[in-house]
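*Asks:* curious how this folds, go ahead:
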Amino acid sequence: MPVQTSDQKWAAQAAGGDESAFRELYRAYIRPVYWIAHGILGSAPDAEDVAQETFVAAWRKLPGFELQGESILPWLATICRFQAANRLRQKRRDQAHTADAMDENLPATVSVEDQVITSALAERIAQEVGSLSELDREIFRLCAAEGYAYQAAAKELGVSHAVVRNRLSRVRTRLRGAVKEASEA
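*Replies:* Just a heads-up that it's a prediction; the model follows:
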């Protein structure tokens, strides 16, 4: 019997109504989802709203969801992109109905090509994170996704500050390589 990843376990439990399992998914992925939204919208307040809307939509959709890979991030990224596109359309409708001048800073509608690229990139990052050792995945989750300081992550994992700093540096270099590789493909 294959071993379940924590995402698979949390998703299955959350699909059954377990709010604490959903909170674990939220904690693990709120930052990446926020940055995807921010990249599309270019506005911190809108990105915060869309990140929250993404998780509300995910909670509703989880009972019918079956995780295909090890990470739930590609699925969340897809929901986020749709929520962000909806936000952009709503802003445009609102602006069309006001006498004020159009906001020139609004990004263009997200193209299908950009959505595919973002989805492929999220999948590539999830694959790369999934291939890390358990310790490296935990260091990445704590520091990059949950915002732990090196010392706090070291204490949580029972390793030294230097181990966290060095391993996270290697993980980031590896992920940058994967992102560059995916963007050149």
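
*Asks:* pull the helix or strand with minimum mean pLDDT from this protein.
*Replies:* helix 112-130 (a mean of 66; mean pLDDT, DSSP states H and E).

*Asks:* only the buried residues of whichever helix or strand comes after that helix, if you could.
*Replies:* Next along the chain after helix 112-130, taking DSSP states H and E as the criterion, comes helix 134-140. Buried positions in helix 134-140, judged by neighbour count with 16 or more other CB atoms under 10 Å: 136-140. Any C-beta I mention is one placed from the backbone N, CA and C, and that applies to glycine too.

*Asks:* can you give me the helices in this protein?
*Replies:* For the chain, applying DSSP state H gives helices covering 6-15, 19-41, 44-61, 73-96, 112-130, 134-140, 150-157, 161-184.

*Asks:* may I have the last one as CSV, with CA atoms only?
*Replies:* Going back to what we said before, that points to helix 161-184. Extracted C-alpha coordinates of helix 161-184, given in CSV (Å, rounded to 0.1, in the frame of the first residue of the first chain):
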residue,chain,number,x,y,z
HIS,A,161,20.5,27.1,12.8
ALA,A,162,23.3,26.4,10.4
VAL,A,163,21.6,23.2,9.1
VAL,A,164,18.4,25.1,8.4
ARG,A,165,20.2,28.0,6.8
ASN,A,166,22.4,25.8,4.5
ARG,A,167,19.7,23.4,3.5
LEU,A,168,17.1,26.1,2.8
SER,A,169,19.7,27.9,0.6
ARG,A,170,20.3,24.7,-1.4
VAL,A,171,16.5,24.1,-1.7
ARG,A,172,15.9,27.7,-2.9
THR,A,173,18.8,27.3,-5.5
ARG,A,174,17.2,24.0,-6.6
LEU,A,175,13.8,25.6,-6.9
ARG,A,176,15.1,28.6,-8.8
GLY,A,177,16.7,26.1,-11.2
ALA,A,178,13.5,24.3,-11.7
VAL,A,179,11.6,27.6,-12.2
LYS,A,180,14.2,28.7,-14.8
GLU,A,181,14.1,25.3,-16.5
ALA,A,182,10.3,25.4,-16.6
SER,A,183,10.1,29.0,-18.0
GLU,A,184,12.6,28.1,-20.7
